[in-house]
Each structure stands twice: as C-alpha cells, then as structure tokens.
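Undergrad: predicted coordinates and the sequence they were generated for:
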Amino acid sequence: MTSLLTTSLPNVSYVAGLHPPGGNTCRVDDMALSIPLAFCYSVFFVFGLAGNLLALWVFLFVQGKKSSVRVLLVNVAVADLLLVVCLPFRVLYHSRGNRWTLGPTFCKVVGNVFYMNMYISITILGLISVDRYFKVHRTGVAGCRKSSWSVVACAMIWALSVTVTILMVISSDGSEDAGKCFHYKKKLGAEWKAYLNYFLVAVFWVVFLALVVSYGKIALKLLGTSREKPGFPNAHRYSRTAKKSFFVLFLFTVCFVPYHSFRIVYIHSQIHKTTCSWASLLDRINEVVLLFSTLNSCLDPIMYFLLSGSVRRATLRILNNFFCQQADGATSSSESHMPSVITIGSTPRPSAALITPLRSITTDQSNLLQAKLAEGTSCPQATHRKQ
C-alpha cells in the first residue's frame, strides 16, 4: 500500500500529520505552484503597499472632514497594510521551494496575523455598507451620522481579533513542522481551531449578505431616483454612484466568495481522515483561492477612490502635481542649455492646481483632470517658462 501511494503521488512525502487509510502518514509538498505563488505575492506586495500607504496619507493628512466612513476606511487601510507586510515572508517561503527557516513560532505569527487582518478588513467593509445604506435611505438613528460609533466598533473588532490571534499563536496543535509553513495540516487534537475557522466563515457569509442587501438597495434607490427625475441636477451622479456600488460588490464577491465557498470543505478535511491524494488536491485549490482573497488588499484602494470624493480629488491632485513637477524638471533641464533670455512685462500666473483649495475642486474639474492625465496633456505649471 505504501509503495502504491508513493508511486502514484510523487509530490507527497510521508511525515506525521495526515492519515491515509493504510495507516501511514503523509505531507503535502507540491512544488508546481511555488514560483507562481512567489510571483503573485510579490506583485500584490508592491501594489498593495503603495496603494494603502497613499490611502492612509490621504485619510490622515489631506481629508479634513471626520466622518464614520472615513474612520472605517482608515481601519480597512491599516488592516490591508498589515496583511501586505506578511506577504514578503510568503514570497521567501515559496521562492525557497516551500522551505521555512524562521521557526514554527514565527510561522504561526505571520500566518495568524495574515488571516486576522483579512477578517478585520472583511468585517469593517460590512460596516461601511450598512453605514452607507442608512445614510442613503436616511433611516438611521442619530448616532449613525456621527463618527463615534465607528471608533467604538473598530476598537472592539481590533481588541477581539488581537486576543484570538494571541491565543492561536501560543497554542499548539501538535503538528508543527520546523521546515514547513502555510501548508495543509491536520487539526486533530486542536479541533477548536477548526471550529473557530467555521465561525469565521459564518461571519464572512453574514457580512456578504449585508453587503448584497445594502449595496443592492442603495443602487436600486439611486437608479430609481435618476430615472424618475431625469431633469434633476444630480440625476447623472446618482446613476454613476449606483454603478460604483455594484462594482464594489463585484470586487468583494470575486475576491472572497471563492475562498470561503471552498473553506468549508477544507476545514472539514482537517478534522477527519483524509487520503494523501485528496489532501494534495485540497492544498492546491486552497492556495489558488487564497490568492483571490489576498488580491483584495490591492483592490481596496480602488474602492476608496470610488467611495470617497475626498480621496478621489486628493489622489488626482497628487498625480497632477507629480506629473507637473516632472514636466517642470524636463523644461528646466532643457532651458539650462539655452542662452538666457530677459523677458520684460510678463508675470507668470500661478498654477490653479496649487492655489485651488482641496475642498473647492468640483466634480467637473476632477473629470477634466482625469481626462488630461489619460490624454497625456501638459500641466499648467509646465506651460510657463521660468523667468
């Protein structure tokens, strides 16, 4: 029996942890996904780090108005940033041929912090959808219009998550392997961890239902308003906002639904006897669907851009100033090689991008700026030569 399993499963080696019918034990060790996983996590790290750092900078130093949505978005960005920080360790692990050299304790720290921040992000995204639903329908209680409730809610979520993560790290399920990390392993002897994972899956589906109901009703209400009052000044904006709500729901579905749909089968196999071939298949599928969940940390900044007008205006302003500085640098460099020219009676006008307050930038100006960036037109600063 051992010989047959070894021959049919070249990527499975036998160690303590998994229990096939023959009584032998095996370890899933699939090398086929190592390089693709290392590459994908590297890309996610770069874009996730840049996007979430930019979002945090805007939330904390540019966007002045304090609101419940702003507080929630800040916490989502922090959770995504902490998740992204865990990715280099996954890149290191997979790039070394699925070999872990930092010890089992640190492996548990990285793994649990990764999942902790993923579920913090999921939960807060659900709160954002409910908050927006109450504001659009104007049926929320007075407290829902203030930011204090969101501060308390986020503090409770972080405190509970950190406590559970510490318990997961300090506990031992008896199947740690100093040379492996982020891989399939049994929960025999630590079934409570499997049941905790079941609970997290249930939390996800509750949040997902809240998102579907909230964003669905928001989109339908805004679309209905735009159709009933086509001559209303903001009718076209209502239609755009409705489409954005559907897009946010689409991103959430693509990133998290595949992982949590498969998660039930995966957890069930961890607390019941499983053949090596089945465990190997489950491990591969889990790695692929986990990529979709990790991708959300890169796509959340896009959600910030869609949901928050302040983020959208600030981001466009930053990009505008950046490209203008680049254009000014190129202009100054070319002029340094030209003879000096004295200009009399002309005073360059200051750039509108520099003197226009952030809050005074209208939607039409933002759209115009997006068009300029897309078309690669010159910036206002670049059109003036230095005198």
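TA: Arrived safely, thanks for sending.
Undergrad: what about N321, how many neighbours?
TA: Applying other CB atoms under 10 Å, we find 15 other residues in the vicinity of N321. All C-beta atoms are positioned from the backbone trio N, CA, C, and that covers glycine.
Undergrad: and this structure, split by domain according to the record?
TA: The chain breaks down by automatic domain parsing into domains covering 15-307, 315-329+342-383.
Undergrad: got those as CSV, with mean pLDDT columns?
TA: Formatted as CSV, those follow (pLDDT from 0 to 100):
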stretch, mean pLDDT
domain 15-307, 82
domain 315-329+342-383, 50
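Undergrad: ranking these by burial, who's on top?
TA: domain 15-307 (a mean of 18; mean count of other CB atoms under 10 Å).
Undergrad: work out for me the element L282 sits within.
TA: helix 276-307 (DSSP states H and E).
Undergrad: my bad, A32
TA: Using DSSP H and E, no helix or strand contains A32.
Undergrad: report the separation between it and R284.
TA: 8 Å (CB to CB, to the nearest Å).
Undergrad: equivalent analysis for A155, please.
TA: 39 Å.
Undergrad: same thing with N321?
TA: Taken as CB to CB, the span from N321 to R284 is 46 Å.
Undergrad: what's the answer for F250, then?
TA: Counting by CB to CB, the gap from F250 to R284 is 26 Å.
Undergrad: same thing with P301?
TA: Applying CB to CB, the value for P301 to R284 is 30 Å.
Undergrad: what of L223?
TA: In terms of CB to CB, L223 sits 41 Å off from R284.
Undergrad: repeat for W149
TA: 43 Å.
Undergrad: try L87
TA: 20 Å.
Undergrad: longest helix in this structure, by residue count?
TA: helix 191-228 (DSSP state H).
Undergrad: need the helices for the chain, in chain order.
TA: 2-8, 34-57, 68-95, 104-137, 148-170, 191-228, 235-270, 276-307, 309-335, 352-355, 363-375.
Undergrad: among these, which is nearest C181?
TA: Among the helices of the chain, the nearest to C181 by CB to CB is helix 104-137 (3.8 Å).
Undergrad: that closest one to helix 276-307, inter-axis angle?
TA: Helix 104-137 runs at 40 degrees relative to helix 276-307, counting by axes from the mean of the first three to the mean of the last three CA atoms, to 10 degrees.
Undergrad: what packs against helix 104-137?
TA: helix 68-95, helix 148-170, helix 191-228, helix 276-307 (3 or more CB pairs under 8 Å, 6 or more residues apart in numbering; DSSP states H and E).
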